[in-house]
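>>> Sequence first, then the predicted structure, then my questions.
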Amino acid sequence: METTTHPSTLTTTAADTLLLTLDEAARQLCCARRSVERHVASHRLHAVHLGRSVRIERRELERFIARMRDGNGQVRDE
């Protein structure tokens with residue numbers, strides 16, 4: 001008996017990913033990775049540390065964007 005795996009089940013898109021790398025978060029925000037690092041360092045964007053890896057939760061990125069959009073946060077692009 002041969003098992004066939006549908007190709008679409010193997011590919012994970014950024015929308016399906018729970019944790020994003022700093023580069024992926026930067027792409028989502030259309031900014032430089034260094035800008036994301038600055039937001040994390042200033043505690044405006046909360047990160048998850050897994051050993052030496054730094055990840056951003058998708059829902060945290062959405063919260064960050066919403067705060068920027070609503071003007072409720074003190075987030076300004078430096």
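Yes, it's here.

>>> what's near enough to touch residue 46?
Taking C-beta atoms under 8 Å, 6 or more residues apart in numbering, we find residue 46 in contact with 40, 56, 57, 60. Every C-beta, even on glycine, is put in place using the N, C-alpha and C of the backbone.

>>> Tabulate those residues in TSV, adding columns for distance to residue 34.
Formatted as TSV, the contacts of residue 46 follow (distance: C-beta to C-beta, whole Å):
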residue	distance to residue 34
40	11
56	14
57	20
60	19
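
>>> which of those lies closest to residue 48?
residue 57 (6.1 Å; C-beta to C-beta).

>>> wait, doesn't the closest one sit right on residue 21?
No. Contact status for residue 57 versus residue 21: not in contact, 11.9 Å apart, counting by C-beta atoms under 8 Å.

>>> And the strands in the chain?
Secondary structure of the chain by DSSP state E: the strands cover 19-20, 48-50, 53-57.

>>> Mean neighbour count, these: which tops it?
Highest mean neighbour count of those: strand 19-20, a mean of 18 (counted as mean count of other C-beta atoms under 10 Å).

>>> which strands and helices sit next to that one?
In terms of contacts (3 or more C-beta pairs under 8 Å, 6 or more residues apart in numbering; DSSP states H and E), strand 19-20 is packed against strand 53-57, helix 58-70.

>>> what about 7 Å?
The contact analysis (3 or more C-beta pairs under 7 Å, 6 or more residues apart in numbering; DSSP states H and E) places strand 19-20 against strand 53-57.

>>> Before I go, just wanted to say thanks for your time.
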